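**Q** Sharing a sequence plus its predicted fold:
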Amino acid sequence: MVLAAGRGERLQSPVPKAYVPLGGKPLMLYSLEAFARFPPLGEIVVVIHPEDEGLFRARVQPLLELSQDVELRVVCGGEHRQDSALAGVRASRSPWVAVHDAARPFFSRELLTALWEAAREEGGAVPVLPVRESLHERGDRCLARPLDRERLLRAQTPQLFARELLLRALEEARRRGERFTDEAGAVLALTACRPRAVPGEEFNLKITTPWDRKAAEAWLAAGLLPPP
């Protein structure tokens, strides 16, 4: 499942972030193509903004090549990321769901394979990276206190879960009115599952700002990314 309903105001683009050109094609197409090359795949669910259906049909779908065994389903997202994730999980018919941000164009088949193997053992798996910077809590005007970075991890996507487990967590979050910044947060808070941490990838960059976009373009131009 690719979440592509965000507006991406921080990217300062005239088109929604998922459709911003990167290396000559829409940003979200990289993620869709990566999933399409993964053998266990049975369906792709794309969650878009209600106003972007025409944009998706015109700029993305004609470029996406899928085998006859893979079904493409397009659904509309909600006001928040969590609402969009819930809409996508509800639309899915697969027993396992990998939820991915359209803003992360570069991830490898090796990462998907590691997530798939770990999730089948634990019920869920999340790619993570260590924290290198010093971290502090923010006070009113000054730093409040340092945090132990050895106990912290940076979570990426795709995050892979058993569909019924993730659906239960997101439905419960909706019922309680709680919001989480990713699917792992909801699963950890509202179920007994403890997702397996899988080593993430440094080039699995989330494109949020114009600088991120320039970095991604530079990586593409320099051939620094792993083969598809």
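**A** Noted; the coordinates are in hand. Numbers count the residues shown, from 1 in each chain.

**Q** Just say helix, strand or coil for Ala103.
**A** Here Ala103 is recorded as coil under DSSP: H, G, I helix; E, B strand; the rest coil.

**Q** what sits against it?
**A** Taking CB atoms under 8 Å, 6 or more residues apart in numbering, we find Ala103 in contact with Gly6, Gly8, Lys17, Ala18, Leu27, Lys206, Ile207, Thr208. In short, each C-beta sits where N, CA and C put it, glycine included.

**Q** same question, Glu217
**A** Here Glu217 is in contact with Leu22, Gly23 (criterion: CB under 8 Å, 6+ apart).

**Q** what's the burial count for Gly54?
**A** 8 (other CB atoms under 10 Å).

**Q** what mean pLDDT does whichever strand or helix holds it have?
**A** Assigned by DSSP states H and E, Gly54 belongs to helix 53-59. Helix 53-59 carries an average pLDDT of 96.

**Q** And stretch 80-99, by the same measure?
**A** On average, stretch 80-99 scores 97.

**Q** any idea of the mean pLDDT for stretch 62-72?
**A** On average, stretch 62-72 scores 93.

**Q** In it, which residues are buried?
**A** Under the neighbour-count criterion of 16 or more other CB atoms under 10 Å, stretch 62-72 has Leu64, Leu66 buried.

**Q** which residues are contacting it?
**A** Contacts to stretch 62-72, defined as CB under 8 Å, 6+ apart, come from residues Lys25, Pro26, Leu29, Leu32, Glu33, Ala36, Leu41, Gly42, Glu43, Ile44, Val46, Gln61.

**Q** Same question for stretch 129-138.
**A** Contacts with stretch 129-138, where a contact means CB under 8 Å, 6+ apart, come from 143-147, 149, 152-154, 156, 199-202.

**Q** hmm, which of the residues you listed are the buried ones?
**A** Neighbour-count burial (16+ other CB under 10 Å) applied to the contacts of stretch 129-138 gives Gln156, Gly200, Glu201.

**Q** Show me where the protein has its helices.
**A** 27-36, 53-59, 81-91, 109-122, 163-176, 183-190, 210-222 (DSSP state H).

**Q** a markdown table for these, including distance to Glu65?
**A** What follows is the helices of the chain, written out as a markdown table (distance: least, CB to CB, whole Å):
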| stretch | distance to Glu65 |
| --- | --- |
| helix 27-36 | 7 |
| helix 53-59 | 15 |
| helix 81-91 | 22 |
| helix 109-122 | 16 |
| helix 163-176 | 25 |
| helix 183-190 | 28 |
| helix 210-222 | 20 |
